[in-house]
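Chemist: Predicted model and sequence follow; I will ask about them next.
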Amino acid sequence: MVKETKYTATGRRKESVARVELSPGNGEFIVNKRILDSYFGREVSRMQVRQPLILTNVLNKVNVRANVTGGGLSGQAGAICHAIARALLKYDASFKSLLRKNHFLTRDPRMKERKKYGQKGARARFQWTKR
């Protein structure tokens, strides 16, 4: 029995965390047990998720299984994109310079700013009236 090779990686963006598994195949793309097109309604999100695969010319050579939690759809798409790029490094280390140059391996550090005590929000303040 031959063990099938799988390349796993974790990606993060905003509050979202994605775990991705790449395996040799025909380009099947599943996110949270649903087909990519049914999970992401916006074309922009679908394009963002596929970008690392298109850049490295492996879109129809690997199957992608992603499990993503937390955040909204935009953050989840970014997390999956990050995870795919990291998994592609394990798949073929020669992709590193290409992925790095296109900023797919950089973890986007921007997070939601916390609400401050005694105030309305992170930056919002209660309105002040003189009289």
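Modeler: Yes, it's here.

Chemist: Output the contacting helices and strands for whichever strand or helix holds G75.
Modeler: Assigning secondary structure by DSSP states H and E places G75 in helix 73-91. Applying 3 or more C-beta pairs under 8 Å, 6 or more residues apart in numbering; DSSP states H and E, we find helix 73-91 packed against strand 7-13, strand 16-24, helix 43-55, strand 62-69, helix 96-101. C-betas here are computed from N, CA, C, even on glycine.

Chemist: could you dump the ones you listed to a markdown table with distance to A122?
Modeler: Converted to a markdown table, these look like this (distance: least, C-beta to C-beta, whole Å):
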| stretch | distance to A122 |
| --- | --- |
| strand 7-13 | 19 |
| strand 16-24 | 19 |
| helix 43-55 | 25 |
| strand 62-69 | 23 |
| helix 96-101 | 32 |
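
Chemist: So which of these is nearest K90?
Modeler: K90 lies closest to strand 7-13 among the helices and strands packed on helix 73-91, at 4.2 Å (C-beta to C-beta).

Chemist: From the contact counts, what lies against the closest one?
Modeler: With contacts taken as 3+ C-beta pairs under 8 Å, 6+ apart, strand 7-13 sits against strand 16-24, helix 73-91.

Chemist: from the middle of its chain, how far away would the shortest one be?
Modeler: Right, strand 16-24. Relative to its chain's centre, strand 16-24 lies at 9 Å (C-alpha atoms, centre = their mean, to the nearest Å).

Chemist: For that strand, which residues meet the burial criterion?
Modeler: Using 16 or more other C-beta atoms under 10 Å as the test for burial, strand 16-24 gives 16-23.

Chemist: Give the next helix or strand downstream of that strand.
Modeler: The first helix or strand that comes after strand 16-24 along the chain, using DSSP H and E, is strand 29-31.

Chemist: pLDDT averaged over the following helix or strand past that following strand - what is it?
Modeler: The C-terminal neighbour of strand 29-31 among helices and strands, as given by DSSP H and E, is strand 34-35. Mean pLDDT, computed over strand 34-35, is 95.

Chemist: chain center to the helix holding G75: distance?
Modeler: In terms of C-alpha atoms, centre = their mean, the gap separating the centre of helix 73-91 from the centre of its chain is 4 Å.

Chemist: Now do the buried residues in it.
Modeler: 74-89, 91.
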